[in-house]
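Chemist: need coordinates for the below:
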Amino acid sequence: MVFDFRHKVVLVTGGSRGLGKAMCEGFARAGARVVVASRKLDACEALAESIRQGGGEAFAVAANMGVTEDIDRLVQATLEHYGAVDILINNAGINIAMGALTDLTPEAFDKMYQVNQRGPWYLASRLAPSMGENGGGAIINFLSVSGLKPPAYMGFYAATKAALEALTRVMAQEWAPLNIRVNAIAPGTFHSDLTDGAIAAIPGFEEGMIEANLIKRIADSEEILNPVFYLAGESFTTGTTLTVDGGMLVK
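Modeler: As a prediction, the model looks like this:
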């Protein structure tokens, strides 16, 4: 299948690096007008400028997904600039609390839920009415394999991603009448700034990640594009979670 995203507006949160950066660049190459959103404006503007220099179209907006006022400004700025959003990629997420449940704090719990679940819900729910008025669209929420197979010492992160999967199913049901398809992607091990930093800093980290997969390697960031393009462009899939994990869940 060849998907054509010309004349589509794609908003990517967590868009300035890692998988988000790969998606912004990929959608721009496929003809979309891309909104690069993340916490740091300079990083967003640098990527947007790089996309424009390569012949694409991009718009940078700073927004912290844990702050509802930032999300309101993101929605307003995007609609004022492009007039619509056709595809929303809820990619931003944090994992600031790893450890035994008995050692974690309520403050860490609240912050992770604000960014990983409340933020995606709030952004999608503020955009859904206008997406419906514009003929519909697609929303893709980024989970993690840890949300489907929760590991010890990652309880908060796994819980936020599991909750986002449930929310994805509810969004799909509520917004189907608006012609909005809502799906999720649960990625496994991909190269990114965070992953590569951990590989460099932690002996044996890379080997452990590879061993956990049936496909014995770590995926390149650009490999996320095929599943994302499928869910963004296919017209009869909604309410599902697509795992892109190298076989981690069945190992």
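Chemist: tell me how far G99 lies from K161.
Modeler: Distance from G99 to K161, counting by Cβ to Cβ, to the nearest Å: 17 Å. The way it works is simple: take the backbone N, C-alpha and C, and place the C-beta from them, glycine included.
Chemist: ditto for G136
Modeler: Counting by Cβ to Cβ, the gap from G136 to K161 is 26 Å.
Chemist: quick one, which of these two is more surrounded?
Modeler: Neighbours were counted for G136 and for K161 using other Cβ atoms under 10 Å; K161 has more, 26 against 17.
Chemist: which ones are touching the more buried one?
Modeler: The contact partners of K161, by Cβ atoms under 8 Å, 6 or more residues apart in numbering, come to 93, 116, 143-144, 146-148, 186.
Chemist: please indicate which of those has the highest neighbour count?
Modeler: N116 leads these on contacts (other Cβ under 10 Å) with 28 neighbours.
Chemist: confidence score at that residue?
Modeler: Looking at N116, its pLDDT reads 96.
Chemist: tell me which of the contacts of K161 fall in strands.
Modeler: A186 (DSSP state E).
Chemist: kindly indicate which of the contacts of K161 lies nearest T243.
Modeler: If you rank the contacts of K161 by distance to T243 using Cβ to Cβ, A186 comes first, at 4.7 Å.
Chemist: list the contacts for that closest one?
Modeler: So, once contact is read as Cβ under 8 Å, 6+ apart, A186 ends up touching 143-145, 147-148, 161, 165, 241-245.
Chemist: where does the residue positioned nearest the centre of the chain land on pLDDT?
Modeler: Residue closest to the average C-alpha location in the chain (Cα atoms, centre = their mean): N91, at 1.6 Å. Note for N91: predicted pLDDT of 97.
Chemist: picking that back up, ok, so of the contacts of A186, who is nearest A43?
Modeler: So of the contacts of A186, ranked by how close each gets to A43 (Cβ to Cβ), first place is S144, at 22.3 Å.
Chemist: I figured the closest one hits Y157, correct?
Modeler: Yes - using Cβ atoms under 8 Å, S144 is in contact with Y157, at 7.1 Å.
Chemist: show me the contacts of A186 that map onto helices.
Modeler: Among the contacts of A186, the residues falling in helices (DSSP state H) are 145, 147-148, 161, 165.
Chemist: widest-spaced pair of those residues?
Modeler: Every pair of these checked by Cβ to Cβ; the farthest is V145 and E165, at 11.2 Å.
Chemist: more neighbours, the two?
Modeler: Comparing V145 with E165 by other Cβ under 10 Å, the one with more neighbours is V145, at 21 against 17.
Chemist: and the more buried one, how far from W175?
Modeler: 26 Å.
Chemist: and S130, by the same measure?
Modeler: 12 Å.
Chemist: neighbour count winner among the two?
Modeler: Comparing S130 with W175 by other Cβ under 10 Å, the one with more neighbours is W175, at 22 against 16.
Chemist: verify the stated contact: that one with L127.
Modeler: No - using Cβ under 8 Å, W175 makes no contact with L127, being 10.2 Å away.
Chemist: need the strands for the stretch 51-200 of the chain, in chain order.
Modeler: Here the stretch 51-200 of the chain has its strands, by DSSP state E, counting those that start in this stretch, at 57-62, 87-90, 137-142, 180-187.
Chemist: out of these, flag the one nearest M23.
Modeler: strand 87-90 (5.9 Å).
Chemist: each with direction, which strands does that closest one pair with?
Modeler: strand 9-13 (parallel), strand 137-142 (parallel) (DSSP bridges).
Chemist: where does the protein have low pLDDT?
Modeler: In the predicted model of the chain, residues 1, 251 satisfy pLDDT under 70.
Chemist: and with 90 instead?
Modeler: Scanning the chain with the threshold set as pLDDT under 90 gives 1-4, 95-98, 146, 151, 154, 191-205, 208-209, 212, 234-235, 248-251.
Chemist: what ranges do the helices span in it?
Modeler: 18-29, 41-53, 68-82, 106-113, 119-133, 145-148, 155-175, 193-201, 205-211, 225-233.
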